[in-house]
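Undergrad: pasting a predicted model and its sequence here:
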Amino acid sequence: MSALVQAMADFHFLRPWWLLALIALPGLWWLWRRRQQRANAWRGLVDQHLLVHLQVGGGRAQVLGLVGIVLAWVLATLALAGPSWQRSEQPLWQTRAPLVVALDLSGSIAANDLPPSRLLQARAKLATLLRERVGGQVALVAYAGEPFTVAPLTDDAANVALFLDALDPAIMPVDGSDARRAILWSEELLQRAGFDRGQILLLTDHADPAADSAAKRARDAGFSVSVLGLGTPAGAAYRQADGQFGRAQLDAASLQRLATAGGGRFEVLRTDDADLRALGVLDPQAEDASAARGEKGSAWLDQGYWLLPALMLLMLLAFRRGGVLAALALCVVLPMAQPAQAMDWWKRADQQAQDRIEQGAKAYRGGDYAAATKDFAGLDSADGLYNLGNALAKQGKYDEAIAAYDKALQRQPGMEDAIANRAAVEAARKRQPPAGGQGGQGGDQGKQPPEQKSGQQQSSGGKQDDKPGQDQQDPQQQDKQQQDKQQGKQDADKGAKDSSGDAKSEPPKSAAEQQREQQAADAAQRERMQQAMQQQAGQGAQQEPTQAKPETAAEREQRQATEAWLRRVPDDPGGLLRAKFQLEYQRRQREGQ
């Protein structure tokens, strides 16, 4: 009896919103009554007390049909609402175990018994760990005489990898190798993040008994301590902080004791990832909390399936007229749903615009300028309009390209690339040959030679967007270079004025020669564009254009001065971490930690 009372007290619906479907029952009854009234044409002609004797039987069957529909509707609604009054025990599953990596950045990390050095080998191993690790949060701690957090616990392993190049003993404010404090600091990081299970991985070459005690404490708190040994038993010399030379050797016995005390594993650093796999840090497994601490969760059981037999019996009655059978046959012939993903629905407008820019850039690099125009069209940002102008210019649609550049400048005044490209396209439009053909002679002062027009037209499209590709030369410089190349530079000592005069007096060339020169200019232009696109995509170092303007003495002097100034800027990727650790160390000293 008490069980029944308890079940009644616990009775509820898992999906109560389905009960709103019962509101449709009065409407269903009203529709049935209205249909009955319309079906009997004698009702408006014969009195009610006489109509009963004139009607043929069948009203009872119709009423029973209505009752069956109502009962089926109620049973289906209650089943969908999910009645429940019992709980079921289920195991609790934790997320993948987090990992805190503690790297020893004492002076011994500079030893070269692991060529080229222990430090570079440790960086490479950590890069492999962060790249290959499957799930789970990870943090990075650097320690010497004091431990410091390089990166807190995060799911973004790539963010932690950004700090690897800055790891160096020079960033540590105090020298030493206190593995005990590193383990305690890592344990505190895990606890502050709300974890009661996790892994601590130490990268060092030795450990002391104090570190063993800290590892045992971490194991008792639920955190395993594993060790990856750095170095070789033979060891190598290194320069200490005081300028003296010391010798660093791998003490495998002490590291094995440390791993045993911490309930973890010990491995020596190898060239492949077999050491990381043996330590179990690449694929952390989810833990069953019920097995670990005897805890279980519970979930309400959906008892709606008990109503299905009664619902099926009511549906069998409809087979007499074939209604349900027809419905089942319709379900059989329904087409299978095509799989679809709605990932794009949840993207912001700026993300969708960025996707279109990337698609357009890809089409632009492939030479499909029409497709690039279609992708860039409709983008209202300055970058999108600028890229649209570049794609239109490559198709020879100079007026539309200029209009696109103007719109880009309206949204971002002072956009240098748009200003330069607009001027180049404007010049190309003015120098564009008439539709009727060349038809003129080279001696006519009002016309330029075909070679000169071809070079100028090619230079006008040279400078393109940073996204699809960009030629860094000035349009006027490109015009001058193309003219010089096509006119042959009759005399290297002549000035630009003499060279221009020679070009005008040169006899006109045949159509075949003009076509060959046009094809050569097109090939040179495509090569410059490919170089600019590779430079923007980071696929190689900066490449010089194939037709670079000869460097003047003033430009060479300016370049050398700039390079000398850049060499004076120190390359210090760890400066930020050094300053951070120094401030943290000073704060600890003030607080007496």
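TA: Perfect, I can see it now.

Undergrad: what sits opposite residue 198 in the beta ladder?
TA: residue 223 (DSSP bridges).

Undergrad: kindly report the same for residue 141.
TA: residue 102, residue 149.

Undergrad: from residue 35, how far out is it?
TA: As judged by CB to CB, to the nearest Å, residue 141 and residue 35 stand 77 Å apart. For glycine as for every other residue, the C-beta is placed from the backbone atoms N, C-alpha and C.

Undergrad: those two: which is more packed in?
TA: Using other CB atoms under 10 Å as the criterion, residue 141 and residue 35 rank with residue 141 on top: 23 against 10.

Undergrad: so what's the more buried one up against?
TA: By CB atoms under 8 Å, 6 or more residues apart in numbering, residue 141 lies in contact with 100, 101, 102, 103, 147, 148, 149, 150, 182, 185, 186, 189.

Undergrad: now the strands for this protein?
TA: Counting by DSSP state E, the segments of the chain that form strands are 12-13, 83-84, 87-91, 99-104, 138-143, 147-154, 198-204, 223-229, 236-239, 245-248, 263-268, 296-300.

Undergrad: for residue 115, which of those is the nearest?
TA: strand 236-239 (9.5 Å; CB to CB).

Undergrad: and that closest one, which residues are buried?
TA: Buried residues in strand 236-239, defined by neighbour count with 16 or more other CB atoms under 10 Å: 236, 238.

Undergrad: what packs against that strand?
TA: Packed against strand 236-239 by the contact rule (3 or more CB pairs under 8 Å, 6 or more residues apart in numbering; DSSP states H and E) you find strand 245-248.

Undergrad: pull out the buried positions in the strand it packs on.
TA: Buried residues in strand 245-248, counted by 16+ other CB under 10 Å: residue 248.

Undergrad: adjacent strands (with direction) for it?
TA: Here, using DSSP bridges, strand 245-248 pairs with strand 236-239 (antiparallel).

Undergrad: shaky segments in the stretch 451-593 of the chain?
TA: Low-confidence segments of the stretch 451-593 of the chain, defined by pLDDT under 70: 451-549, 565-573, 593.

Undergrad: could you redo the last one with a cut-off of 80?
TA: Within the stretch 451-593 of the chain, the segments meeting pLDDT under 80 span 451-551, 553-574, 592-593.

Undergrad: just to revisit the earlier point, can I get the strands of the chain in TSV including distance to residue 277 and mean pLDDT?
TA: Shown next, in TSV, are those (distance: least, CB to CB, whole Å; pLDDT from 0 to 100):
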stretch	distance to residue 277	mean pLDDT
strand 12-13	49	90
strand 83-84	45	92
strand 87-91	27	71
strand 99-104	14	96
strand 138-143	16	96
strand 147-154	22	94
strand 198-204	13	95
strand 223-229	12	96
strand 236-239	27	88
strand 245-248	26	88
strand 263-268	9	95
strand 296-300	32	69
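
Undergrad: take those strands and lay them out in JSON lines including distance to residue 312.
TA: Listed next are these as JSON lines, based on distance: least, CB to CB, whole Å:
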{"stretch": "strand 12-13", "distance to residue 312": "21"}
{"stretch": "strand 83-84", "distance to residue 312": "18"}
{"stretch": "strand 87-91", "distance to residue 312": "25"}
{"stretch": "strand 99-104", "distance to residue 312": "53"}
{"stretch": "strand 138-143", "distance to residue 312": "54"}
{"stretch": "strand 147-154", "distance to residue 312": "53"}
{"stretch": "strand 198-204", "distance to residue 312": "52"}
{"stretch": "strand 223-229", "distance to residue 312": "55"}
{"stretch": "strand 236-239", "distance to residue 312": "80"}
{"stretch": "strand 245-248", "distance to residue 312": "78"}
{"stretch": "strand 263-268", "distance to residue 312": "56"}
{"stretch": "strand 296-300", "distance to residue 312": "25"}
